[in-house]
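>>> one predicted model, sequence on top.
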Amino acid sequence: MDSANPLKLNNQICFSLYSCSREITKLYRPLLQNLGLTYTQYIAMLALWEQDKITVSELGNRLYLDSGTLTPLLKKLEAAGLVTRTRDKKDERSVLIELTGQGSALREQALGIPEQLACQLGATPQEGMELLKLMHTLMDRIQAGQSEEA
């Protein structure tokens, strides 16, 4: 690493995170193809498998996605029979997302995906946990900095 050049592309944390994220997302493609999901649909389903029957805005906040990205994604999941979208009876402005039986059942088929990805990466469970811990720490710092600015 050429640390003498602060503007060298490979010295940028942002670029390393960006390029690594893109490559990992590519690794997911063949694994998710069997489920009929894109990567973004998969992370939406992961969030719903953790907590079902949430509003579109709650899901968007969990996934860091705006409604312009989330709405077409949810329409496709609904067309595939995996979720339903209904107006919240308590607040007509909110739309609730709920898993269908088929959407809940898909969770069983997805159980092996994290392990399959880890095998492709050749990472040990300990390395995975260390990386995850670092990423969570970084995200916490970013969010703390943003709340201080508000």
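All right, it came through fine.
>>> now do the helix ranked longest in the chain: which elements does it pack against?
Scanning the chain for the longest helix, with DSSP state H as the assignment, gives helix 125-149. If you count contacts as 3 or more C-beta pairs under 8 Å, 6 or more residues apart in numbering; DSSP states H and E, helix 125-149 packs onto helix 113-121. Where you see a C-beta, it was placed from the backbone N, CA and C, and this is true even at glycine.
>>> next, the angle from the helix it packs on to helix 125-149.
110 degrees (axes from the mean of the first three to the mean of the last three C-alpha atoms, to 10 degrees).
>>> need the residues that contact helix 113-121.
Contacting residues not belonging to helix 113-121 are listed as 24, 27-28, 31-32, 42, 125, 128 [C-beta atoms under 8 Å, 6 or more residues apart in numbering].
>>> and the helix or strand residue 73 falls within, C-alpha only, in CSV?
Secondary structure from DSSP states H and E places residue 73 in helix 67-79. Extracted as CSV, the C-alpha positions of helix 67-79 are listed here (Å, rounded to 0.1, in the frame of the first residue of the first chain):
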residue,chain,number,x,y,z
SER,A,67,-39.4,4.6,-1.0
GLY,A,68,-38.5,5.1,-4.7
THR,A,69,-36.3,1.9,-4.5
LEU,A,70,-38.5,0.0,-2.0
THR,A,71,-41.9,0.4,-3.6
PRO,A,72,-41.1,-1.4,-6.9
LEU,A,73,-39.2,-4.0,-5.0
LEU,A,74,-42.2,-4.7,-2.8
LYS,A,75,-44.5,-4.8,-5.8
LYS,A,76,-42.4,-7.5,-7.3
LEU,A,77,-42.4,-9.5,-4.0
GLU,A,78,-46.1,-9.1,-3.9
ALA,A,79,-46.5,-10.2,-7.5
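>>> buried sites along that helix?
Using 16 or more other C-beta atoms under 10 Å as the test for burial, helix 67-79 gives 70, 73-74, 76-77.
>>> in terms of distance to residue 57, which of those ranks first?
residue 70 (8.9 Å; C-beta to C-beta).
>>> if I look at the closest one, how far off is residue 43?
Separation of residue 70 from residue 43 (C-beta to C-beta, to the nearest Å): 11 Å.
>>> give the residues shared as contacts by those two.
In contact with both residue 70 and residue 43: residue 63, using C-beta under 8 Å, 6+ apart.
>>> any low-confidence regions in this structure?
Across the chain, the ranges flagged by pLDDT under 70 are 1-2, 150.
>>> great, nothing more from me.
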